[in-house]
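Chemist: Fold the following.
(one chain, ligands or ions: 2)
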Amino acid sequence: RLINLPSIAVIPGDGIGPEVVNEGLKIFNYFNNEYNLNFKFEEFNLGAKRYLKNGELIPESILKKLETFDAIYLGAVGDPQVPAGILEHGILLKLRFHFDQYVNLRPIKLLNNRFSPLKNKGVEEINFTVVRENTEGLYAGIGGFLKKGTADEVAIQEMVSTRKGVERIIRYAFEYANKTNGKVTLCDKSNVLTYSHNLWLRVFEEVKTEYPNIKTDHYYVDAITMKMVRNPELFDVIVTCNMFGDIITDLGAELQGGMGLAASANINPDTVSMFEPIHGSAPDIAGKGIANPIAAILAVSMMLEYFHRDDLSEKIENAIKIIIEENKLTPDMGGKLTTQEVGDEILKVLKRG
Ligand code: NAI
Ligand code: MG
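Modeler: Ligands and ions are numbered 1, 2, ... in the order given. The predicted model follows:
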């Protein structure tokens, strides 16, 4: 969508979240001034501090306020003082569901051959995007127990595939591929999940007839993991269900050089989309100033692409490539710089033009 005065809600969150988001905003602010983008930012304090103080996750008033923004930039949530899952469900998943962010977009792009885990596969070969369905499938949360805690216990978890849900994600993948002349690959298990994924297969066949110029192919999820490792160059855009997307994007994160380099977007083009690094709050290194800000900065790059500034998104990526080349990196990537220094180095490259 085209926006005159785009506004971004910033949720730094917990642990290293605020540290890496600071660097992302440093880059965003530079563009904002340099190119008169007129993005407005407003910070929201959600996360462990707020929860531990008064038990609040996202107050209704903040949720309503967030509806008025064009996008959310999120660091990470999660804290050792809060039982696992409370902040993640109460904030992250809450936002994904509230805004019906049905697309989880995960670029898998290796930026430097040095970080390739695959022999003979480099930046030319490892460059594709996973479009993961983000609202239904096996993660819809429908199910139950029978005779819980007994020897006869039954646990059922339902896989939900709706015509509407499957169609919109497949269509999104085709639209995304349309921009880049890419191929769309369907990843499913329709040979075994003969109802749920039969629907996926039929909808895929149907939607593809509307895009006669886009090449397509189809892999079962088990086979695709082998291909992703052996022949990652086969892929441009992979569209898949919630659970398979969860799994293959972790494989993808490793292909692109690990968590420090992986960003994602939770998108609903009609509501509010959310951009974030995929890593968590990393309590083990929080406060030490050594968190790698690249994933958070790549999330900014995705945000700019979403707002049709592919040119700026590309500038960020190129600047990151250069600092990786020069080994101006945090310790997790074998460098000696601090979080802020890495942000500053990227900024320096951008200013050089
Ligand atoms: P994590 O991603 O926070 O950390 C895993 C390992 O990777 C740690 O050793 C950490 O130091 C390292 N790491 C992560 N990001 C890094 C970065 N930018 N630079 C350098 N090293 C980095 O995952 P973990 O430890 O499983 O979870 C920690 C907390 O974060 C938990 O509360 C978890 O629930 C939450 N979490 C939140 C997510 C989110 O907000 N999207 C995603 C994943 C976990
Ligand atoms: Mg995961």
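
Chemist: what does the stretch 1-150 of the chain have sitting close to ligand 1?
Modeler: For the stretch 1-150 of the chain, the contact set with ligand 1 under CB under 6 Å from any ligand atom comprises I16, V20, A76, V77, G78, A84, E88, L92. Every C-beta, even on glycine, is put in place using the N, C-alpha and C of the backbone.

Chemist: try 8 Å this time
Modeler: By CB under 8 Å from any ligand atom, the part of the stretch 1-150 of the chain that sits against ligand 1 consists of 13-17, 20, 74-80, 82, 84-85, 87-88, 92.

Chemist: Among those, name the ones in strands.
Modeler: Taking DSSP state E, the ones among those that sit in strands are G13, L74, G75, A76.

Chemist: mind giving me TSV with those and columns for neighbour count?
Modeler: As requested, these are exported to TSV (neighbours: other CB atoms under 10 Å):
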residue	neighbour count
G13	28
L74	26
G75	27
A76	30
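
Chemist: Type out the ChimeraX command that picks the buried ones from the residues of the stretch 1-150 of the chain next to ligand 1.
Modeler: With 16 or more other CB atoms under 10 Å as the burial test, the buried ones among those are selected in ChimeraX as follows:
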select :13,14,15,16,17,20,74,75,76,77,78,79,82,87,88,92
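
Chemist: got the buried residues for stretch 62-73?
Modeler: By neighbour count with 16+ other CB under 10 Å, stretch 62-73 contains the buried residues I62, L66, F69, D70, A71, I72, Y73.

Chemist: How are the strands of the stretch 101-250 of the chain distributed by residue range?
Modeler: Listed from the start of the chain, the stretch 101-250 of the chain has strands (DSSP state E, counting those that start in this stretch) covering 103-109, 127-133, 143-146, 154-157, 184-188, 216-220, 237-240.

Chemist: quick one: pLDDT of the closest residue to ligand 1 within the stretch 251-353 of the chain?
Modeler: Proximity to ligand 1, evaluated over the stretch 251-353 of the chain using CB to the nearest ligand atom, is greatest for G280 at 2.4 Å. Looking at G280, its pLDDT reads 96.
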